[in-house]
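Novice: Test case, fold it:
(chains A and B)
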Amino acid sequence: MSLLDALLLTALGTLIATLATVRTRWVGYVASLGLGLQLLVLFLLAPLGYGAPAVTSGLAWDLFGQPLVLRYDAMSWYFALITLGAGLVSSVYATGAWSDHYRAAGRSPGWLQFALALNVFTMLLLLASGDFLSLFIAWELVSWASFLLMALAAGPALKWSLRYITYATAGAMSMLAALGIVFHLTGSLNYADFMAAVDQWSVGLITLLTVLFGAGFAVKMGILPFHLWQAGAYAETPGPGMAFLGAISSRMGLYGMMLVWVQLIGLIRLIEVHIPLTFLSLRDVLMWIAAFTIILPTYTALKQNDARRLLAWHGIGQGGYMLMGILSASALGSAGGILHIFNYATNQAVLLLAVFAVVYRTGTADLNKLGGLFTRMPLTFVAMLVGIIGLAGIPPMNGFVSKWMVYRSLLSEGMPLLFVASVIGTLGTILSVYKLIHNTFLGQLRLEHEPVQEAPWSMVIPMMVLALIIFLTGFMPGIVLDWVAAVQAAVGLPVLPHTLGGVADAHGGLDMIMLVLVLFAGFGVSALLFYATGRSEPVHQLDNYAGGHFLSADVRYHYSDHFYAGLMHRIGHWYRGSFLWFESVVASLASFLAQWSATFYRLMQPALPMLAMAVIVLWMVS
Amino acid sequence: MSDLSKIPIHTEKHAPEEARTNPLAGVFDELVRFAQSRSMYMLHYCTGCGAIELPPAMTSRFDMERLGIQPMVTPRQADILLVTGYVSVKTLKRIILTYEQMPSPKYVIGICSCTVNGGMYWQSYATAKKLSEYLPVDLYIAGCMPRPEAVIEGMRALMANIQSGETEPWKDYYQRYDYYLGNQQHLFGDNWQTPTDVIGQAQHYGLAGPETEGEHTRILQQYQQPLVAHKLRLK
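Specialist: Numbering: from 1, shown residues only, chains lettered A, B, ... in the order given. All right, here's what the predicted structure looks like:
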């Protein structure tokens, strides 16, 4: 029995233990303990993260004559680390005071913990898949586990999770078609056979497989135009569940893309595929899709007034950076893309946990109904501040490192337009995260929020731990870059030469240790000036505004409604809801076809379409 | 009108302070005063028609910025309060609120005749006639209205005064707060108050004197509802 078996069995054991205690008050502790144990076993597997050869599970068995292989390599380990980290943090957060609150609202924290554990288990299984069949099975399991987590809070959540599962099923069908083609061509579902055969395949076939597999993964990842389900479905998921989903769940799509596009097909083949009548290769097209995935959802996030929606839309946008970095195929860019998975997961988790701490205390995530909470929830404010600095890609937090690497590679690889596109996306990110923290924590404290208190420790500690990780991996990105380099080696990308402080490059690398020290020296000088002179006098917010007006607390003078009115005056008319329109067109078309074919079956000879179907199936199988 | 003689005139010489032992202290003080006089942010509280002379004074034709004078948007960062025109009772409350929000050292300039003696609003029941009864005015720039040249001339006079250390009426507001508050209460009623703790600030600057507190501050304390800043709260 290998350590991988121990990991998967611990995950299964956690699932069973959570199910056994699902109605008790102990379920949160059980789930957190189980996830902690899994993380411990994963740490024992740590050599994988530094490039040790893949570990195979002894649990292999046959299905339909196909051997199911379970194995972990550096990429699986890296994703599993983020998955378990996010799962553990969310589970701890959901255990203490939050679960009492949740129970008091008539919900069951036990099922939430179970759904979390189930998601973690299925995702660990997906990461272990060593052939296409186990990949597909685990993929379906992940989809349905996510569906369970999303649908927990009935009501609008049900509508959104149904939308998700519709998309996910369509994506799975696309993958199944690809699997059929692969099986037809190679006669097996092994990765090795696929890699051996891919050399002889035509450009058209490679394009078809790239698109079919890609569509399945893109649904999970929320890549344009398959992104419409994600923000709503995530935003309706109960607190820590959303933090988990937002942090890592959709990155399973990216795992699939890295597996199939990068490792199995190879980016070089995508670069060789030229799109007729254009000067673009297939890789360029995918990169431009990634660029639009950055820009459009980020600017949709800018318009959201619900903090959860705002962050959920960012989740879609940030996925674009990762994909773009990886598709750039350079050592620096792909390392940036892979690193951004980790960095973004920490940022998104801490932001969502902070938002839900505010929801816990004030009962709302509506950015128009909050404000001035800084003095009431300072630790939550610090957590959110660290999170937005990271998400916006500003030093000294970790988000800066990965975004810098992606930008730098886009410039050095000669893709200035994509660089501009990603910078436009970053502008939207900065604007919208500023809106988030401003409307929540800055400005006028509402009268009804005067008695609000800091979130309980069970919620503050996970946030603080994440904030610390964000800072530390920004200060010393080499910690994560070690794992990233192993992932690059595992999937066949060029490996990035790196140091503890960042990137080693003769033409100008990045040394975050020096950068952060200089930054903090500047802060130190300012702090010295501020504290040494000792002349500050705290004044009330109401005594701090120009215009000479006598303000009172019951009047709102801090307008958060219709934030960025000036910007929206310029760009507001560009929001046309084209993707919603496209979605409704596809839905109408599908519904029309279904009705038409039902009528066709009833009116015509019922045997005829069955015969036609049989012929098609036989032709495909033969 | 007879009180006009009490208006501070910059030609008056103050008694020299007692000699300081550190010879460099004077150099440092002079340096600070020089810097202060060359970087003044003004809050132009445009109460009346005199405001119309400020845009030409600030913009390219007369260009106050060459003297280091710039407009500022908030009282918390401003050095000079320009009151440009007649001051109605309602406006005066806002002016006092704004003045007290400004950090010391701060200077008040009354522009136009209306701030000197009510000007053409002398007979108005709703107009405060003399600004210096309610606020310590550093300088009046009389005229109806004063031309930008006159405004700049006044500014230069203020700069000279700041540099020579002669003009410190802002201390007067702390030292004789009771007098100013009495005049304010006379106009606004006994329940008049601003959020600023002027007596506390006077003690902070070491300017609290025998006339800082008196019968009027006692009235103020009866009605005052202090506005305490939000404290960071962990629990």
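
Novice: burial of residue A:298, as a residue count?
Specialist: 25 (other C-beta atoms under 10 Å in any protein chain shown). From N, CA and C alone the C-beta is placed, and that goes for glycine too.

Novice: Sorry, wrong one. I was asking about residue A:135.
Specialist: For residue A:135, the count of nearby residues is 26 (other C-beta under 10 Å).

Novice: do the same with the one 10 residues further on
Specialist: If you count neighbours by other C-beta under 10 Å, residue A:145 ends up with 22.

Novice: Quick one, grab the pLDDT at it.
Specialist: Turning to residue A:145, the model gives it a pLDDT of 93.

Novice: who's in contact with it?
Specialist: A:115, A:118-119, A:121-123 (C-beta atoms under 8 Å, 6 or more residues apart in numbering or on different chains).

Novice: repeat that with 7 Å
Specialist: By C-beta atoms under 7 Å, 6 or more residues apart in numbering or on different chains, the contact list for residue A:145 reads A:118-119, A:122.

Novice: mind saving the C-alpha coords of whichever strand or helix holds it as PDB?
Specialist: Secondary structure from DSSP states H and E places residue A:145 in helix A:132-151. Provided in PDB are the C-alpha atoms of helix A:132-151 (Å, rounded to 0.1, in the frame of the first residue of the first chain):
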ATOM      1  CA  PHE A 132      -8.900   8.700 -19.700                       C
ATOM      2  CA  LEU A 133     -11.600   6.400 -18.200                       C
ATOM      3  CA  SER A 134     -10.800   7.200 -14.600                       C
ATOM      4  CA  LEU A 135     -10.400  10.800 -15.600                       C
ATOM      5  CA  PHE A 136     -13.900  10.800 -17.000                       C
ATOM      6  CA  ILE A 137     -15.400   9.000 -14.100                       C
ATOM      7  CA  ALA A 138     -13.700  11.200 -11.600                       C
ATOM      8  CA  TRP A 139     -14.700  14.200 -13.600                       C
ATOM      9  CA  GLU A 140     -18.400  13.300 -13.400                       C
ATOM     10  CA  LEU A 141     -18.000  12.700  -9.700                       C
ATOM     11  CA  VAL A 142     -16.500  16.100  -9.200                       C
ATOM     12  CA  SER A 143     -19.300  17.700 -11.200                       C
ATOM     13  CA  TRP A 144     -22.000  16.000  -9.100                       C
ATOM     14  CA  ALA A 145     -20.100  16.800  -5.900                       C
ATOM     15  CA  SER A 146     -20.000  20.400  -6.800                       C
ATOM     16  CA  PHE A 147     -23.600  20.300  -7.700                       C
ATOM     17  CA  LEU A 148     -24.400  19.000  -4.200                       C
ATOM     18  CA  LEU A 149     -22.500  21.800  -2.600                       C
ATOM     19  CA  MET A 150     -24.000  24.400  -4.800                       C
ATOM     20  CA  ALA A 151     -27.600  23.100  -4.300                       C
END
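
Novice: and the next element down the chain from that helix?
Specialist: Helix A:132-151 is succeeded, C-terminally, by helix A:156-186 (DSSP H and E).

Novice: what's next to the helix or strand following that next one, contact-wise?
Specialist: Downstream of helix A:156-186, the next assigned helix or strand under DSSP H and E is helix A:191-197. For helix A:191-197, contacts defined as C-beta under 7 Å, 6+ apart pick out A:130-131, A:182, A:185-186, A:264.

Novice: and if you look at stretch B:101-119?
Specialist: Residues outside stretch B:101-119 that contact it (C-beta under 7 Å, 6+ apart) are A:543, B:1, B:48, B:50, B:75-76, B:78-87, B:99, B:121, B:127, B:129-131, B:135-146, B:151, B:154, B:158, B:170, B:196, B:205.

Novice: ok so, going back, now the angle from the helix holding residue A:145 to helix A:156-186?
Specialist: Counting by axes from the mean of the first three to the mean of the last three C-alpha atoms, to 10 degrees, helix A:132-151 lies at 170 degrees to helix A:156-186.

Novice: Is there proximity between the strand or helix carrying residue A:339 and chain B?
Specialist: Using DSSP H and E, residue A:339 sits within helix A:331-362. No: judged by C-beta under 7 Å from any C-beta of the partner chain, helix A:331-362 makes no contact with chain B; its nearest approach is 11.9 Å.

Novice: For that helix, enumerate the helices and strands it packs against.
Specialist: The contact analysis (3 or more C-beta pairs under 7 Å, 6 or more residues apart in numbering or on different chains; DSSP states H and E) places helix A:331-362 against helix A:74-93, helix A:239-244, helix A:307-327, helix A:378-392, helix A:398-412, helix A:457-475, helix A:478-491.

Novice: who wins for neighbours among the contacts of residue A:145?
Specialist: That'd be residue A:119 among these, by other C-beta under 10 Å, with 27 neighbours.

Novice: Spatially nearest residue to that residue, not counting backbone neighbours?
Specialist: residue A:145 (4.6 Å; C-beta to C-beta, 6 or more residues apart in numbering or on different chains).

Novice: And residue B:46, how far from residue A:59?
Specialist: From residue B:46 across to residue A:59, the span is 80 Å (C-beta to C-beta, to the nearest Å).

Novice: ok and the residue in chain B nearest chain A?
Specialist: residue B:94 (3.1 Å; C-beta to the nearest C-beta).

Novice: Got the confidence number for that residue?
Specialist: If you check residue B:94, the pLDDT there is 91.

Novice: Could I have the buried ones of the contacts of stretch B:101-119 as ChimeraX selection syntax?
Specialist: Per 16 or more other C-beta atoms under 10 Å in any protein chain shown, the buried members of these correspond to this ChimeraX selection:
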select /A:543 /B:48,50,75,76,78,79,80,81,82,83,84,85,86,87,99,121,127,129,130,131,135,136,137,138,139,140,141,142,143,145,146,151,154,158,170,196
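
Novice: follow-up on the earlier one: what's the closest of the contacts of residue A:145 to residue A:348?
Specialist: Within those, proximity to residue A:348 (C-beta to C-beta) peaks at residue A:119, which comes in at 15.5 Å.

Novice: who touches residue A:396 in this structure?
Specialist: Contacts of residue A:396 by C-beta under 7 Å, 6+ apart are A:471, A:474-475, A:515-516, A:519.

Novice: Oh, that last question was meant for residue A:212, not what I typed.
Specialist: Contacts of residue A:212 by C-beta under 7 Å, 6+ apart are A:174-175, A:177-178.

Novice: Name the SS class of it, please.
Specialist: In terms of secondary structure, residue A:212 is helix; the call rests on DSSP: H, G, I helix; E, B strand; the rest coil.

Novice: Count the residues that sit near the residue in the stretch 351-500 of chain A that chain B sits nearest to.
Specialist: With C-beta to the nearest C-beta, the shortest gap between the stretch 351-500 of chain A and chain B falls at residue A:375, namely 3.9 Å. Neighbours of residue A:375 under the rule other C-beta under 10 Å: 18.
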